[in-house]
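K.L.:
A predicted structure for the sequence below; I have some questions about it.
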Amino acid sequence: MPGVREAGLLGAAFAVTGGFAYAIWSYLSPGQKEEKASAENTGEVPAVTEVKSANKQVLVLGLDGAGKTSVLHCLATGTVKRSVSPTEGFNAVCINKEDMQIEFLEIGGSEKLRTYWNMYLGKAQVLVFVVDSADPDRFPLAKTHLHGLIKNDSCLPLVVLVNKQDLQGACSITEMHDALSLSEVGDERKLFIISTHVKKDDLQVPSSVQDARELITQLVSESR
């Protein structure tokens, strides 16, 4: 797989520096969720609360059930969340790293919410796409949406998290590379593939997720 950086294959590939300050919130309160539902019925875009002075953004996308919220929680807090509900709207994590504030924005992966994905690409410095590696029946759908996202930006860095690697029958990085046709994402793009898993009974965040956090923040710091 020429031009592809594989991370997370041999354990910790990056030193985790720590020193992160973070805040987590959901964009949609119960009242806002009702407003969003009403907006969906009328075809209007749901209102989104602005993040305070965040100057960098990482967009976290993937089909429903891929494990985006669990990974996002680990990236932000360095801990494993015991119970995670499906994202019904938007989740955001804001990390302060040195002189840079990074907003991790997750948009739910349900069919209705996928229609909003492209609206948020313009501000992103990095796209993180999470795939359930143990659900091959949905690989074609994940591939279609991923290529639809990146087709208009040949340089947007892409980090693919091949998630749920702890499950029986999970596909390897090489298999996922082929299933998602990642050889077609473009030679100009920085592309990384990381195998991840997050289990609710884990006592510590897996090293692969720590690697992902360090890699993503490095990519953001190098962005324009």
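P.N.:
Now that the structure is in, tell me what you want to look at. Keep in mind it's a predicted model, so treat the numbers as computed, not measured.

K.L.:
tell me where the model's unsure across this structure.
P.N.:
1-54, 76-88, 200-203, 224 (pLDDT under 70).

K.L.:
how does it look with 90?
P.N.:
1-55, 67, 69-104, 152, 154, 166, 185-188, 197-214, 216-218, 221-224 (pLDDT under 90).

K.L.:
can you give me the helices for it?
P.N.:
Counting by DSSP state H, one finds helices in the chain at the ranges 30-42, 68-77, 111-114, 139-150, 173-179, 207-222.

K.L.:
flag every buried residue along the shortest one.
P.N.:
Going by neighbour count (16 or more other Cβ atoms under 10 Å), the buried part of helix 111-114 is L113, R114. Any C-beta I mention is one placed from the backbone N, CA and C, and that applies to glycine too.

K.L.:
going forward, the N-terminal residue is numbered 843.
P.N.:
In the new count, where the first residue is 843, that last one comes out as helix 953-956.

K.L.:
need the CA coordinates for it. PDB is fine.
P.N.:
Written as PDB, here are the backbone C-alpha positions of helix 953-956 (Å, rounded to 0.1, in the frame of the first residue of the first chain):
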ATOM      1  CA  GLU A 953     -29.200   7.900   7.500                       C
ATOM      2  CA  LYS A 954     -30.800  11.300   8.200                       C
ATOM      3  CA  LEU A 955     -27.700  12.800   9.800                       C
ATOM      4  CA  ARG A 956     -25.400  11.700   7.000                       C
END
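
K.L.:
related to what we said a few turns ago, dump the helices of the chain into JSON lines; add distance to L998 as well.
P.N.:
Shown next, in JSON lines, are the helices of the chain (distance: least, Cβ to Cβ, whole Å):
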{"stretch": "helix 872-884", "distance to L998": "27"}
{"stretch": "helix 910-919", "distance to L998": "18"}
{"stretch": "helix 953-956", "distance to L998": "18"}
{"stretch": "helix 981-992", "distance to L998": "6"}
{"stretch": "helix 1015-1021", "distance to L998": "18"}
{"stretch": "helix 1049-1064", "distance to L998": "10"}
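
K.L.:
so which of those gets nearest V1027?
P.N.:
V1027 sits nearest to helix 981-992 of all the helices of the chain, at 6.0 Å, using Cβ to Cβ.

K.L.:
that older thread, buried deepest among the helices of the chain, which one?
P.N.:
Scoring the helices of the chain by mean neighbour count under mean count of other Cβ atoms under 10 Å gives helix 910-919 as the most buried, with a mean of 23.

K.L.:
tell me what angle that helix forms with helix 1049-1064.
P.N.:
Helix 910-919 and helix 1049-1064 are oriented at 70 degrees to each other (axes from the mean of the first three to the mean of the last three Cα atoms, to 10 degrees).

K.L.:
and the helices of the chain: which comes nearest G1028?
P.N.:
Taking those one by one with Cβ to Cβ, helix 981-992 is closest: 7.6 Å.

K.L.:
the closest one packs against which elements?
P.N.:
Applying 3 or more Cβ pairs under 8 Å, 6 or more residues apart in numbering; DSSP states H and E, one finds that helix 981-992 makes contact with strand 968-974, helix 1015-1021.

K.L.:
list of residues touching it?
P.N.:
903-905, 908, 956, 959-960, 963, 969, 971, 973, 998, 1000, 1002, 1013, 1018, 1021-1023, 1026-1028, 1031 (Cβ atoms under 8 Å, 6 or more residues apart in numbering).

K.L.:
of the helices of the chain, which is nearest Q943?
P.N.:
It is, among the helices of the chain and with distance given as Cβ to Cβ, helix 1049-1064, at 10.1 Å.
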